[in-house]
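Peer 1: let me see the structure of the following:
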Amino acid sequence: MHIYGTKTRRTSIVATDFLKRNDKIAALLPTAMRMATLQSDCAKALPPMFVNCDVLSFEDARLVLATPSSAVAAKLKQQLPKLQGALQKRGWHIDEIKLKVQVTRSIAPVVHTHQLILPGTALSAFEALGDALPKTAANATLIAAVKAMAARQR
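Peer 2: Coordinates of the predicted model:
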């Protein structure tokens with residue numbers, strides 16, 4: 001860290017330098033680096049939809065992954081043979097992969113910031129569609145939604 005009045009301009013301490021300075025914490029550094037590398041290798045081997053899955057533990061050739069929901073776990077379960085093969089190619093000795101659902105990790109909500117603005121011809125087409133649809137009980141909510149959308153855009 002930089003001490004004002006000194007000639008050295010280093011303004012921050014790298015996290016690994018901090019960990020190396022403390023004897024008790026320094027013993028954790030190899031394990032932390034190994035888990036970070038395993039997390040990175042898992043992320044490279046899996047499709048992007050599994051970005052919220054984390055490595056919980058890796059002991060005795062048994063990998064435990066955390067998933068944010070049971071739906072993600074079900075989809076990930078189909079990818080386990082591919083993941084195991086990819087990790088073995090990268091030098092990891094993995095005999096078994098277990099999944100653990102941890103719903104406490106929150107997934108960032110999708111925030112829509114842009115409103116779609118329809119051109120006049122599209123608005124006219126939606127209004128015509130609302131008038132042209134048969135007036136049945138099955139179409140009532142569709143007609144109401146199409147007309148409300150056109151009215152909001154006007």
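
Peer 1: domains of the protein?
Peer 2: Residue ranges for each domain of the chain read 15-101, 120-153, as given by automatic domain parsing.

Peer 1: now the longest helix seen in the chain: buried residues?
Peer 2: Across the chain, the helix with the greatest residue count (assigned by DSSP state H) is helix 70-89. For helix 70-89, burial by neighbour count (16 or more other C-beta atoms under 10 Å) applies to 72-73, 76, 79-80, 83-84, 86-87. Yep, even glycine has a C-beta here, placed from its N, CA and C like the rest.

Peer 1: secondary structure class of residue 114, three-state.
Peer 2: coil (DSSP: H, G, I helix; E, B strand; the rest coil).

Peer 1: tell me, how many residues neighbour residue 50?
Peer 2: The number of residues packed near residue 50 is 18, by other C-beta atoms under 10 Å.

Peer 1: pretty sure it contacts residue 79?
Peer 2: Yes - the pair formed by residue 50 and residue 79 meets the contact definition of C-beta atoms under 8 Å, at 7.3 Å.

Peer 1: which strands and helices lie in contact with whichever helix or strand residue 99 is part of?
Peer 2: Using DSSP states H and E, residue 99 sits in strand 96-101. Using 3 or more C-beta pairs under 8 Å, 6 or more residues apart in numbering; DSSP states H and E, the elements in contact with strand 96-101 are strand 62-67, helix 70-89.

Peer 1: buried residues of the helix or strand that that strand is followed by, list them for me.
Peer 2: Per DSSP H and E, the first helix or strand lying C-terminal to strand 96-101 is helix 120-132. By neighbour count on 16+ other C-beta under 10 Å, the buried set for helix 120-132 is 123, 126-127, 130.

Peer 1: could I get the helices and strands packed on strand 96-101 as a markdown table with mean pLDDT?
Peer 2: Shown next, in a markdown table, are the helices and strands packed on strand 96-101 (pLDDT from 0 to 100):
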| stretch | mean pLDDT |
| --- | --- |
| strand 62-67 | 93 |
| helix 70-89 | 92 |
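
Peer 1: alright, calling it a day.
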